[in-house]
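A.B. asks: A predicted structure for the sequence below; I have some questions about it.
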Amino acid sequence: MAVTIRQATPADAPVIVEFNLRMAHETEDKGLDPEVLAAGVRAALADPVKAVYYVAEEDGVILGQASFTREWSDWRNGWLWWLQSVYVLPQARRRGIFRALYERIYQEARRDAEVIGLRLYVERANQVAQQTYLGLGMEWAPYLILQRYPL
């Protein structure tokens, strides 16, 4: 059966939480608080202003996910969509699943005249992900990200 891309629903929250836990461990060797994460995922799924999740599904099994959040650019008078929470199960990688998720979000963004671009951040050491994103037409931005966290 073919992989389908659909917008996630609240019923997908447990899988999204599990995928986010795995992603944080794999890419940053970071453990997340599962209760805080679950509350954050549920909040996003209940309110698309916070984030919009998409899942890739085959035969009723979710194989991957990606989400986007929005940032308003007053300089450009438009929205930037930040890709986040990107994860594909290891056994499903190299099958074009992330490409399909990315393409769905990209096409949604192109349909909205107020969206002016897509952005994402990637761990410096994650060369595989960097090459994947560059292969999809993304380019290096002339910015570094700084943070003050936690407050």
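C.D. replies: Okay, I see it.

A.B. asks: measure Leu151 to Lys30 for me?
C.D. replies: Distance, Leu151 to Lys30, by Cβ to Cβ, to the nearest Å: 18 Å. To be clear about C-beta, it is placed using only N, CA and C from the backbone, and glycine gets the same treatment.

A.B. asks: what's in contact with stretch 87-95?
C.D. replies: Stretch 87-95 is contacted by residues 3, 19-20, 22-23, 56, 58, 63-66, 97-98 when judged by Cβ atoms under 8 Å, 6 or more residues apart in numbering.

A.B. asks: which of those fall in helices?
C.D. replies: Per DSSP state H, helices hold the following members of the contacts of stretch 87-95: Phe19, Asn20, Arg22, Met23, Ile97, Phe98.

A.B. asks: and the last one, what does it touch?
C.D. replies: Right, Phe98. Neighbouring residues of Phe98 by Cβ under 8 Å, 6+ apart: Gly64, Ala66, Val86, Val88, Thr132.

A.B. asks: just the pLDDT for the third one.
C.D. replies: Read that as Val86. On pLDDT, Val86 comes in at 98.

A.B. asks: before we move on, the earlier item: and of the contacts of Phe98, the nearest to Ala44?
C.D. replies: In terms of Cβ to Cβ, no member of the contacts of Phe98 lies closer to Ala44 than Ala66, at 12.6 Å.
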